[in-house]
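1. I'd like to go over a predicted model; first the sequence, then the structure.
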Amino acid sequence: MNEEIIQNLNERLDRAIDRGREILDDEDLQVRLEELQERAETVVRRNPIKSVVAGLAVGFIIAKIFTSDD
C-alpha cells in the first residue's frame with residue numbers, strides 16, 4: 001500500500017515538473033515577462049522617489065505580517 005502511494009506521488013510530481021518546464025519554455029510567456037520588466041524599469045526611472053517609498057511600504061507591511069508579537 002505504501003509503495004503504491006509513493007509511486008502515485010512520484011507520477012504526480014513528474015507530471016507537475018513536466019508542466020512547469022513547458023510553462024517556462026513558452027516563448028509568449030518569456031516575451032510578456034520581458035515587456036513587464038521593461039515597463040517596471042520605465043516606471044522606476046520616471047518616479048524613483050515614489051518607487052523607493054512604495055518598496056519600503058511593501059517591505060514594512062510584509063515584515064508586520066510575518067512577525068509575531070508573541
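-> Structure's in. What do you need?
2. what distance do you get for the residue nearest to the spatial centre of the chain to E3?
-> Nearest to the mean C-alpha position of the chain, by Cα atoms, centre = their mean, lies L33 at 11.5 Å. Going from L33 to E3 by Cβ to Cβ, to the nearest Å gives 41 Å. Every C-beta, even on glycine, is put in place using the N, C-alpha and C of the backbone.
3. tell me the pLDDT at M1?
-> We have a pLDDT of 65 for M1.
4. same question for D26.
-> Model confidence at D26 (pLDDT) stands at 80.
5. burial measure for it, as a count.
-> Counted with other Cβ atoms under 10 Å, the neighbours of D26 add up to 11.
6. phi and psi next, for it.
-> phi -60, psi 120 (degrees, to the nearest 10).
7. quick check: the gap between it and L56.
-> In terms of Cβ to Cβ, D26 sits 34 Å off from L56.
8. kindly report the same for E41.
-> For E41, the distance to L56 - Cβ to Cβ - is 19 Å.
9. likewise N10?
-> When distance is defined by Cβ to Cβ, N10 is 44 Å away from L56.
10. after whichever helix in the chain runs longest comes which helix or strand?
-> Determined from DSSP state H, the single longest helix within the chain is helix 2-25. Note on helix 2-25: by DSSP states H and E, the next helix or strand toward the C-terminus is helix 27-46.
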